[in-house]
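Trainee: Coordinates for the following, if possible.
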Amino acid sequence: MTWTKKLLQLNDVLSDLVPDKDGIIKYAKASGLKPQSIGPGSNVTDIWNTILNEADKSSKIDTLLKSVLDAYPDNLYLKSALTSQEIDFSASPDIDDTADWQDVSDETLELLTMEQSTLLPVNFLAKGVLKSKSVGKVELKIGNNRYSVGTGFLFKIKEVDALFFITNYHVINDKKDIERTRIIFDYELDVDDHSVPSRSFKIDPDGPWYSSGIREYDTTIFQLIDEADRLAEYGWIELKEVEITANDFVNIIQHPKGEMKQISLYHNIVTHTDDRVVQYLTDTLKGSSGSPVFNSDWEVVALHHSGGGSKPGEPKLPEGIKSRNEGIFINKIIQFVKENCKM
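Mentor: Numbers count the residues shown, from 1 in each chain. Modelled structure (predicted):
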């Protein structure tokens with residue numbers, strides 16, 4: 001079996017959707033597979049790797065996907081995997097390739113395993129919904145029926161009289177891709193679980209274009225064309241310099257793998273900060289590149305940009321924590337914008 005990028009990402013998607021051995025075996029058996037080769041100590045990613053290999057040998061990959069799709073009918077990646085369409089969710093750079101991951105302290109692990117109060121004022125949710133309006137899906141057409149996707153958001157800073165959109169450099173970094181890119185807002189469900197009518201915007205090719213490489217700020221900033229003054233209904237997130245420390249909790253609004261907008265709440269804890277990055281443990285799915293990372297006051301503290309699985313030799317993380325993640329400290333991005341606007 002040749003492991004193409006599409007199959008590797010499919011392996012990741014299945015691992016996120018069905019992260020337990022019993023669930024995987026259930027879907028394998030429903031597809032007519034006999035998963036005897038699964039070892040007792042196998043991790044979830046390896047188990048799905050084995051199952052996909054077995055399905056390929058029996059020409060049952062589509063059967064397997066349909067079985068999982070019955071339980072997750074709205075998953076765009078599973079749908080695309082059954083067609084000629086290909087969705088590339090702008091896989092973020094592996095955290096071990098771009099960052100110096102700091103060990104998780106015993107204090108942080110203790111906080112994660114203790115029974116913490118989750119009581120919050122009702123307006124906490126209302127504030128989050130308001131912020132979410134400014135978060136959009138980035139979709140870049142990279143070929144026939146092939147799309148690269150990410151997340152980004154509208155923002156302003158007090159010292160600059162302009163409205164910008166920001167995402168990761170590894171999501172879009174070449175101005176030649178502007179014509180093939182659209183920013184989609186309201187790609188989400190309403191309170192009745194119905195799809196909200198979405199609206200897309202194009203990047204202004206004549207507007208500002210500020211970018212910084214993956215190993216610096218992994219950031220691309222631009223403006224959108226707003227011919228009918230429709231951007232106003234999506235507002236913006238005001239960026240201001242903040243303080244963030246280890247053991248703070250963070251929330252992430254995202255379009256994981258290009259799916260409908262989702263929010264990751266209070267299962268995310270900061271493990272390390274410095275003057276460039278914020279590192280945190282989360283249950284965030286892959287494909288959330290460019291998402292805003294908020295503190296408990298709904299202030300943006302980082303631009304999510306990379307992630308990775310458990311680090312070899314690191315203590316086992318508490319149940320529910322899927323990955324180590326890193327974002328670019330928002331103070332650095334604010335400085336970056338100010339410096340470029342002076343030029």
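Trainee: Other residues contacting the helix or strand where Glu339 lies?
Mentor: Element membership of Glu339, judged by DSSP states H and E, is helix 330-342. With contacts defined as C-beta atoms under 8 Å, 6 or more residues apart in numbering, helix 330-342 is touched by 157, 159-160, 162, 164, 166, 208, 210, 212, 217, 219, 221, 239-242, 275-276, 300-303. Bear in mind the C-beta positions are built from the backbone N, C-alpha and C, glycine included.
Trainee: Repeat the analysis, applying 6 Å as the threshold.
Mentor: 157, 160, 210, 217, 219, 239, 241, 276, 300-302 (C-beta atoms under 6 Å, 6 or more residues apart in numbering).
Trainee: Please point out which parts of it sit buried.
Mentor: Within helix 330-342, the residues scored as buried using 16 or more other C-beta atoms under 10 Å are 330-334, 336-337.
Trainee: between those residues, which is closest to Asp174?
Mentor: When those are ranked by distance to Asp174 (C-beta to C-beta), Phe336 comes first, at 18.7 Å.
Trainee: Pairing partners for the helix or strand that contains Phe155, with directions?
Mentor: Phe155 belongs to strand 146-157 when assigned by DSSP H and E. Strands that pair with strand 146-157, judged by DSSP bridges, come out as strand 86-88 (parallel), strand 135-143 (antiparallel), strand 160-167 (antiparallel), strand 237-238 (parallel).
Trainee: Tabulate those strands (CSV), appending mean neighbour count.
Mentor: Below are those laid out as CSV (neighbours: other C-beta atoms under 10 Å):
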stretch, mean neighbour count
strand 86-88, 21
strand 135-143, 20
strand 160-167, 19
strand 237-238, 16
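Trainee: Please convert those to TSV, extending it with distance to Ala28 and mean pLDDT.
Mentor: What follows is the strands paired with strand 146-157, written out as TSV (distance: least, C-beta to C-beta, whole Å; pLDDT from 0 to 100):
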stretch	distance to Ala28	mean pLDDT
strand 86-88	24	60
strand 135-143	32	90
strand 160-167	37	96
strand 237-238	43	98
